[in-house]
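> Prediction below, plus the sequence it came from.
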Protein chains: 6
Amino acid sequence: MVRDLTHLDETGAARIVDISGKEETVRRAVAGAVLHATPEIVEAIFGGTLKKGDAIAVARVAGIMAAKKTSELIPLCHPIPITKIGVEIERGEAPDTIAIAATVETVGRTGVEMEALTAASITALTLYDMAKALDKSMTISGVQLMEKSGGKSGDFKRVQS
Amino acid sequence: MVRDLTHLDETGAARIVDISGKEETVRRAVAGAVLHATPEIVEAIFGGTLKKGDAIAVARVAGIMAAKKTSELIPLCHPIPITKIGVEIERGEAPDTIAIAATVETVGRTGVEMEALTAASITALTLYDMAKALDKSMTISGVQLMEKSGGKSGDFKRVQS
Amino acid sequence: MVRDLTHLDETGAARIVDISGKEETVRRAVAGAVLHATPEIVEAIFGGTLKKGDAIAVARVAGIMAAKKTSELIPLCHPIPITKIGVEIERGEAPDTIAIAATVETVGRTGVEMEALTAASITALTLYDMAKALDKSMTISGVQLMEKSGGKSGDFKRVQS
Amino acid sequence: MVRDLTHLDETGAARIVDISGKEETVRRAVAGAVLHATPEIVEAIFGGTLKKGDAIAVARVAGIMAAKKTSELIPLCHPIPITKIGVEIERGEAPDTIAIAATVETVGRTGVEMEALTAASITALTLYDMAKALDKSMTISGVQLMEKSGGKSGDFKRVQS
Amino acid sequence: MVRDLTHLDETGAARIVDISGKEETVRRAVAGAVLHATPEIVEAIFGGTLKKGDAIAVARVAGIMAAKKTSELIPLCHPIPITKIGVEIERGEAPDTIAIAATVETVGRTGVEMEALTAASITALTLYDMAKALDKSMTISGVQLMEKSGGKSGDFKRVQS
Amino acid sequence: MVRDLTHLDETGAARIVDISGKEETVRRAVAGAVLHATPEIVEAIFGGTLKKGDAIAVARVAGIMAAKKTSELIPLCHPIPITKIGVEIERGEAPDTIAIAATVETVGRTGVEMEALTAASITALTLYDMAKALDKSMTISGVQLMEKSGGKSGDFKRVQS
């Protein structure tokens, strides 16, 4: 049997669910994303020469700032006092991929999964934006929660396939 | 040889590139995204009963509003006077997927690829948010440009694999 | 004798008043608004057929998101960590009216009256926007606080006239 | 027979309608709102003494800035390059009322009714906010379009009752 | 020896540093800025006649609202629940200057220096904007922290030169 | 005799002035700012070693994104379709200073002075934020328009003192 979507009430109406009874605890989430590009684009972004450009820093800042905008973007998210944000951008295992991991923490009444996922997504889209003059067929995949801790619903750790 | 990333100048510094010399023409982009969930979640969102809730409408509105926020999210994007936005949310081909397609148009000096991709991404993330109490292991993939027209760089149409 | 407007200091200068000494408690506010339209518009929005469109959901999401933007809109409002938002949209008592009620809660140092009033107003304006091609003479009235609880200034409950 | 809501497509899905085929012309809208307070509050805001405070200016600025935020607040509104905004705040005809009129102009492809209505609403809510320590039972009514010109749908002028 | 920039990690990557272990205490910061204009502009803004315009109030509101936007503007700033904002705008010591002082307080885990500095800067820029038709050569200087208290890093009080 | 502040009407009320009659032309502005720090901070930011961190890129992105937010920050600024933004950050002439220059262009009905000044200010504030753990007594000065072209009011070029 299908359980209800908690963000809708019994009549199907969207709402921001009540979290006033939840405890303020440290909560943490890590989300990932992968940009599938070409080896040339990966090289252009990571650089093989002395003079590294701003590309990675721009994408990282975009992800960090997007995490802070999450409750403006995802309609039913609570505004959350974020206490930490980090975004890692690395060459992926395959030579035509870039791997992104965003970590967000709060001391709050609800988790930061959406903040981490938003940061990872916008980081990937920003890399796409900077490289799209070279190739428009890039794809973003693997936008997913890697791990989550804190709060009553229990910890989560993705099983790597 | 690798061409430069156009969003960085010759010293590697990020910039918003000059488009003042480009013509104002009708430009259009369609982007897609796929949410991989469970058949139960797909059912909970699309409903099999008479009383359909707000879930799909909420996700659609989130995507539409996100398209309008693109230049606030993607640092090197130009602000663009969008003339049309549509977001389609449908059951995917596999029973555990939801397919999203976002269409954006402008009469402007640069394309709307990033607007369409941002709309598709945020729509998918909003669906994730509403269903995450049921399953946190959902994944978003296939965030990609489907087609693009208008402007001097030529039209683009993704070859379906 | 007229008491001072608390949002202005003794010289008449606007300020955001100090709430650091106030306690963090659960605070709640409910605000209403009424859209006066035509029976045809009320019918178009609530639908009389099987295929209900997104209209009500769009207006509800607009109100929910506006509540979160209150401190950006009302210059002297404090930013507040909202813990719950709900927006009800119903046929009003007269056949040409739509009644809106927005409920907002926080665990914070100040009340959420302005958040509830902003949500109700923007919900009504969004309905106006969607129906304005049918009739531009619609009017919004009855934008008012219905009830308020929590905090030291005492509870408030509007006497229905 | 009820005509369709133009902001929904034939399946009932919300969208931002295509305006790329519409002409860029000067468009203008004036919207009103009335705050029903007490004579004491009206006096506190308009002042009867030499030292006028910031209250009216704060409300006016709030309205002006809100007009510029309209497309962020009303989900299906197009972003519009506003060319002029003015907000008038005056004692109403009755001694316990304040009358607001917001005028917005653009050179664009669609009208500015929603911008004017949003400006009027937020101006009224800002006055409410500054006076709410004196009386929480104030009401906003008469939020309505006064006149509109420009564009193909014809001019509109409210018949005063 | 140069200590590290705390906002960058050991690899040089930007991040929002972890403040979850810091205590929620009352924190306060005062920042200043000076606008160097002409005596005529100073007179136009402060007025010497009975009918004072909105200029100072507009600049003050701009500063107050900017303080609330700090974490959207300064990429590595934490979002902070501000509990008080005040902005003073006065004739400076020299007849062609305007002196600005912004005070911000929070009950939070990190200081509000950036909020106060942002408020002072935007207040000065808003005055510049309103007077720029008279003279474009105005300069803003002295954007600096005047004092700071609360938190573990110790109080700060600028030595006046 | 003092001319009026154009952003206030004859009654002193703030307004966004009508630009509908102005021509859409290419307009450009360059603004500067100087951060007075310590030689150690300048060294920490510009680096003397192989591994350059994100500091300068973060400040540059902050300035670029702030330029796009100008009309949200400066109450009486028109929203403008920016066509180009660049921010240069360099060691200043004195060893304890950092010099910032922001260039903004539009094809629009009004100038982009405020956009350039806002970009320069926020870039400087972001550098301050990243270095403030090392020294809180840094000062920003020289926030000023360097040059401006396009539009009817004539070109402007600051005379270097």
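Okay, I see it. Values in this document were obtained by computation on a predicted structure and should not be read as measured data. Numbering: from 1, shown residues only, chains lettered A, B, ... in the order given.
> quick one: the longest helix anywhere in chain A near chain C?
Using DSSP state H to define each element, chain A has its longest helix at helix A:113-131. No - Helix A:113-131 lies out of reach of chain C by CB under 8 Å from any CB of the partner chain, never closer than 13.6 Å. No exception for glycine: its C-beta is placed from N, CA and C like everyone else's.
> so how far is that helix from its chain's centroid?
6 Å (CA atoms, centre = their mean, to the nearest Å).
> Please apply the same query to stretch A:6-20.
With CA atoms, centre = their mean, you get 24 Å for stretch A:6-20.
> Is that stretch in proximity to chain D?
No - judged by CB under 8 Å from any CB, stretch A:6-20 stays clear of chain D, getting no closer than 12.7 Å.
> Put the alpha carbons of that stretch into CSV.
Presented in CSV, the C-alpha positions along stretch A:6-20 are these (Å, rounded to 0.1, in the frame of the first residue of the first chain):
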residue,chain,number,x,y,z
THR,A,6,3.8,14.0,3.6
HIS,A,7,3.9,17.3,1.8
LEU,A,8,0.2,17.1,0.9
ASP,A,9,-2.6,17.1,3.5
GLU,A,10,-5.5,14.7,3.5
THR,A,11,-7.3,16.7,0.8
GLY,A,12,-4.2,16.6,-1.5
ALA,A,13,-3.3,20.3,-0.7
ALA,A,14,0.4,21.2,-0.6
ARG,A,15,1.7,22.6,2.6
ILE,A,16,4.9,23.1,4.5
VAL,A,17,4.7,20.5,7.3
ASP,A,18,4.9,21.4,10.9
ILE,A,19,8.3,20.9,12.4
SER,A,20,7.8,23.0,15.5
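> What about contact with chain C: does it have any residue there?
Yes - against chain C, stretch A:6-20 shows contacts by CB under 8 Å from any CB at A:Asp9, A:Ala13, A:Ala14, A:Arg15, A:Ile16, A:Val17, A:Asp18, A:Ile19, A:Ser20.
> Local confidence estimate at the third one?
Spelled out, that is A:Ala14. Listed pLDDT for A:Ala14 reads 94.
> what pairs with it across the strands?
A:Leu8 (DSSP bridges).
> name the element A:Ala101 belongs to?
Under the criterion of DSSP states H and E, A:Ala101 resides in strand A:97-108.
> helices and strands around that strand, which ones?
Counting by 3 or more CB pairs under 8 Å, 6 or more residues apart in numbering or on different chains; DSSP states H and E, the packing neighbours recorded for strand A:97-108 are strand A:25-36, helix A:39-46, helix A:55-68, strand A:82-91, helix A:113-131.
> if we go to 7 Å?
Where contact means 3 or more CB pairs under 7 Å, 6 or more residues apart in numbering or on different chains; DSSP states H and E, strand A:97-108 is packed against strand A:25-36, helix A:55-68, strand A:82-91, helix A:113-131.
> what lines up beside that strand in the sheet?
strand A:25-36 (antiparallel), strand A:82-91 (antiparallel).
> Which residues of chain A lie near chain F?
When proximity is defined as CB under 7 Å from any CB of the partner chain, chain A approaches chain F at A:Lys52, A:Asp54, A:Ala57, A:Val58, A:Arg60, A:Val61.
> Using just helix, strand and coil, how would you label A:Ser20?
Here A:Ser20 is coil, with the state taken from DSSP: H, G, I helix; E, B strand; the rest coil.
> Count the neighbours of it for me.
17 (other CB atoms under 10 Å in any protein chain shown).
> Buried residues of the worst-scoring helix or strand of chain A on mean pLDDT, list them for me.
Lowest by mean pLDDT, DSSP states H and E among the helices and strands of chain A is helix A:39-46, with a mean of 92. Across helix A:39-46, burial judged by 16 or more other CB atoms under 10 Å in any protein chain shown covers A:Ile41, A:Val42, A:Ala44, A:Ile45.
> Of the residues you listed, which is the nearest to chain C?
Chain C has its nearest neighbour among the buried residues of helix A:39-46 in A:Ile45, at 34.1 Å by CB to the nearest CB.
> what sits against the closest residue to chain F within chain A?
Per CB to the nearest CB, A:Ala57 is where chain A lies closest to chain F, at 3.4 Å. Counting by CB atoms under 7 Å, 6 or more residues apart in numbering or on different chains, A:Ala57 touches E:Ala14, F:Asp54, F:Ala57, F:Val58.
> can you do 8 Å?
For A:Ala57, the contact set (CB atoms under 8 Å, 6 or more residues apart in numbering or on different chains) comprises B:Ala14, E:Ala13, E:Ala14, F:Asp54, F:Ala57, F:Val58, F:Val61.
> Do I have it right that the third one meets E:Ile74?
No - between E:Ala14 and E:Ile74 no contact is recorded; they are 11.6 Å apart, counting by CB atoms under 8 Å.
> quick one: low-confidence ranges for chain A?
Under the criterion pLDDT under 70, the flagged ranges of chain A are A:1-3, A:48-52, A:161.
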